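J.: Provided below for reference: sequence and predicted model.
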Amino acid sequence: MDKHINAPISKEISRSLRAGDYVYITGTIYTARDAAHKRMDEALLKGEELPIDIKNQVIYYMGPSPAREGRPIGSAGPTTASRMDKYAPRLLDLGLTAMIGKGKRSKEVLEAIVRNESVYFAAVGGAGALLSKCIKASEVVAYEDLGTEAIRKLEVENFPVIVVADCEGNNLYETAIKEYQKI
C-alpha cells in the first residue's frame, strides 16, 4: 500500500505502518552514519545532550557526495544499517521514531523497534542520484568536522522508502523470503 506521511513522524503514524508498505516522506529528516552515531553515544555516556532532539525524528543512514551546482546535495543513497546497530536501540529508547538505511538489522534493533513502536525503512541502494532529487534542502547541524558523516538536516519531498520492520514485529526481509520460497 502506498502512504504519504510527514516527518517528524508521530508514534500514531509509525504504529499505522506495516512491513511492505511503500511510503513517501515529506518534511524534515536527519542524516547520521557511523562516526556521528559514535559521537552521539559518547555524549550520552558523558551525560551530555544530543546535538539534535531525536524525539519523533527520522535518521537516514547516508553520507552524501558533493552537491552539483544549483543542487542542495549530491548523490544521497543509503548505507548499510547494521553498522549502526550497536547505537540504534538506545536512540530508539530516547524517542527516535524511524530509521532509513539498507540491509538487515540485529535482533536487538528489531526488539527496540517493537518496544518503542518505531519503524525501519529501506531506501533503494544504488539509486542515490535519483533519491537526491527528493531532497530540497541540506544543512550541516552537528559534527561538521566529520565531513560527509556530519549530521545534516534535510528537507525532503516525497522521499520513497519501503517499510522493512514495523512495530508489530513484522520483517519484510523474512516474510519476502518465505513468499519467494512458496513460488
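T.: Everything's here; your move.
J.: quick one, phi psi at the residue lying closest to residue 71 once chain neighbours are set aside?
T.: The spatial neighbour of residue 71 that comes closest, neighbours along the chain excluded (Cβ to Cβ, 6 or more residues apart in numbering), is residue 132 at 7.1 Å. For every residue, glycine as well, the C-beta is placed using N, CA and C. As for residue 132, its main-chain torsions (degrees, to the nearest 10) stand at phi -60, psi -20.
J.: who does the longest strand that the chain contains touch, helix- and strand-wise?
T.: The residue-count maximum for a strand in the chain (DSSP state E) belongs to strand 151-165. On a contact count with 3 or more Cβ pairs under 8 Å, 6 or more residues apart in numbering; DSSP states H and E, strand 151-165 meets strand 22-31, helix 107-115, strand 119-122, strand 135-142, helix 172-182.
J.: Tell me which of those is the most buried.
T.: strand 119-122 (a mean of 25; mean count of other Cβ atoms under 10 Å).
J.: Send me that strand as CSV with only the CA atoms.
T.: Extracted in CSV, the C-alpha atoms of strand 119-122 (Å, rounded to 0.1, in the frame of the first residue of the first chain):
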residue,chain,number,x,y,z
VAL,A,119,9.8,1.6,12.2
TYR,A,120,12.8,0.8,9.9
PHE,A,121,12.6,1.9,6.3
ALA,A,122,14.8,0.8,3.4
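J.: coming back round to it: what residues are up against the residue nearest to residue 71?
T.: For residue 132, the contacting residues are 64, 71, 73, 74, 75, 76, by Cβ atoms under 8 Å, 6 or more residues apart in numbering.
J.: Please flag which of the residues you listed sit within strands.
T.: Among the contacts of residue 132, no member lies in strands (by DSSP E).
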